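Peer 1: here is a sequence together with a model predicted from it:
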Amino acid sequence: MKNILFYLGFATLITHELDAMTQSEWKLLFILRSLPEQIASSAFVVIHIPLIAALLWLTNNESQSIKTFSRIALAAFLIIHSGLHKLLENHPDYTFNSWLSLWLIYGGGLLGFLYLIQVFIYWQRSGNVGLWHDDVDSN
C-alpha cells in the first residue's frame, strides 16, 4: 500500500509539472520570474530533466536507507508544495484554478500525507521507529 501511495503521489507531482508549463509557473518562481519569458520557460523545462532524473534515482535507489529517506522527503515535499500553492493563490500570476490543477496539487499533498501515515504505522507495528530500517519500503 505504501508503494502505491508513493507512486501515485510522485505521479501527481510530475503531472503537475506538465500542468505548470501551461500555467507559466516560472512567473511565480524567485529566480525565473526575473528572466525574459522565452528564457524562463525554457529554463523551467530544462531544469526538470536533472531534477526528475535525480528523484527517480534517489527514490528507487539500491540502498534501502537512501530510498527510504528520499521517499519520506518527497512525500513531505508534496505536503509543503500544497501549502506553498495555497500561499500563492492570491498572486496576480497564479492561474492554478482548474479542478485538474487543484486535484494535482492538493491530491498530491494528500497522497504524501497518507504515505507518511503508512510509514508511521509500519514503524509502530514493527517496533522499529528508526529511519534506516531495511524493510520500511519493501511492501
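Peer 2: Cool, the structure landed.

Peer 1: and residue 77, how many neighbours?
Peer 2: 17 (other Cβ atoms under 10 Å). Where C-beta positions appear, they are placed from N, C-alpha and C, glycine not excepted.

Peer 1: not counting its neighbours along the chain, what's nearest it?
Peer 2: Nearest non-adjacent residue to residue 77, counting by Cβ to Cβ, 6 or more residues apart in numbering: residue 112, 7.3 Å away.

Peer 1: so where does the one you found fall, helix or strand?
Peer 2: Secondary structure from DSSP states H and E places residue 112 in helix 99-126.

Peer 1: for that helix, what is the average pLDDT?
Peer 2: In this model, helix 99-126 has an average pLDDT of 95.

Peer 1: for that helix, name the packing helices and strands.
Peer 2: Packing partners of helix 99-126 (3 or more Cβ pairs under 8 Å, 6 or more residues apart in numbering; DSSP states H and E): helix 2-22, helix 64-88.

Peer 1: in the first one, what's buried?
Peer 2: Just to be clear, that refers to helix 2-22. Buried residues in helix 2-22, counted by 16 or more other Cβ atoms under 10 Å: 2, 5, 6, 8, 9, 10, 12, 13, 16, 17, 19, 20.
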